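S.K.: Quick one, fold the following:
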Amino acid sequence: MAVVSAASLADPADPLGKVRELQSRIREMQATTLQTKALATHPMFQGLLPDGMMRAGGAYSVQGSLSLAMSMLAAPSAAGAWCGVIGVPEFGVQAALAHGIDLERLVLVPDPGDQWLAVTAAIVDVLTVVVVRPQRRVSDSDASRLAARLRKREAALVSLGDWPGSEARLTLQGSQWSGIGDGHGMITGRRVEVLVETRGRPARSKHVWLPAGSGPGSPVAAPSPSIADPRIDGARPDEIDFASAPLRRAV
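M.R.: Numbering: from 1, shown residues only. The predicted structure is shown next:
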């Protein structure tokens, strides 16, 4: 850590030189911070997240889409990071595979109960990216304590729902399915518009495919659930999120 005293800036012989020196040292420290705190991030988030990447120590809020949260896990998982999912019993491992998440480095805690926040704090001590569904409103003080833990461990948090002080809030604006013909065919992907709101910046939006790379002509196909699935029966097409399927790995 560079320490600059007030006295060092008070040299009357060359005040502008001291200011330029300080500016240079600040830029160097900022560059180092950016390099050490950037996490692997899928290219689909370029133009959406601040600087197009997730940062270690950051918290992100995802509204209404488990598939979008899975996409945020995909690149860190592919890069070798351990990931966790807390309080999401419907998390589907087949969908996780379709998003490119390595199940061998995935920890699931489907039902943490009333201790979900304590469990989340313990999990971020050992995993790089953690998805959590808050069981209640998170206080600013709880969020601040967890943020300090995230920075210390260089981990990131993805909240399925609002999270105080989040780096970005991602919301699906609409969706269109691909692969279904006139009464036949198999769903191969979902084209969605993602709206991102960040602190101090104008909101921005972008159309992406979920899973990433699953657009027309892609060999990647998202798993198609049974027509009798109670999560789908009666829902509008734009309300369905195929990131849910029965669990087969849990802790």
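
S.K.: Give me the below-cutoff pLDDT ranges for the stretch 51-200 of the chain.
M.R.: Within the stretch 51-200 of the chain, the stretches with pLDDT under 70 are 174-189.

S.K.: all strands of it, in order?
M.R.: In the stretch 51-200 of the chain, the segments counted as strands under DSSP state E, counting those that start in this stretch are 59-63, 83-86, 106-109, 129-132, 156-160, 168-180, 185-198.

S.K.: To Ala75, which of the ones you listed lies closest?
M.R.: Smallest distance to Ala75 across the strands of the stretch 51-200 of the chain (Cβ to Cβ): 9.3 Å, for strand 129-132. Backbone N, C-alpha and C define where each C-beta goes, glycine included.

S.K.: which residues touch the closest one?
M.R.: Around strand 129-132, the neighbours that count as contacts under Cβ atoms under 8 Å, 6 or more residues apart in numbering are 39, 54, 69, 72-73, 76-77, 81, 83-88, 116, 120, 123-124, 155-160.

S.K.: if we go to 7 Å?
M.R.: Contact with strand 129-132 is made by 39, 69, 73, 76, 81, 83-88, 120, 123-124, 155-160, as judged by Cβ atoms under 7 Å, 6 or more residues apart in numbering.

S.K.: what does stretch 142-161 give?
M.R.: 37, 39, 54-62, 66, 69, 72, 88, 117, 120-121, 124-125, 127-134, 163-166.

S.K.: Just the buried ones from the residues you listed, in PyMOL syntax?
M.R.: In PyMOL, this line selects whichever of those come out buried by 16 or more other Cβ atoms under 10 Å:
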select buried, resi 37+39+54+55+56+57+58+59+60+61+62+66+69+72+88+117+120+121+124+127+128+129+130+131+132+133+134+163+164+166
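
S.K.: In helices, which of the contacts of stretch 142-161 fall?
M.R.: 37, 66, 69, 72, 117, 120-121 (DSSP state H).

S.K.: Nearest to Gly100 among these?
M.R.: Closest to Gly100 out of the ones in helices among the contacts of stretch 142-161 is Met72 (11.4 Å), distances taken as Cβ to Cβ.

S.K.: for the closest one, what are its contacts?
M.R.: Applying Cβ under 7 Å, 6+ apart, we find Met72 in contact with 54, 60, 158.

S.K.: that older thread, identify whichever of the strands of the stretch 51-200 of the chain lies nearest to Val93.
M.R.: Closest approach to Val93 among the strands of the stretch 51-200 of the chain (Cβ to Cβ): strand 106-109, 8.0 Å.

S.K.: quick one: strands adjacent to the closest one?
M.R.: strand 83-86 (parallel) (DSSP bridges).
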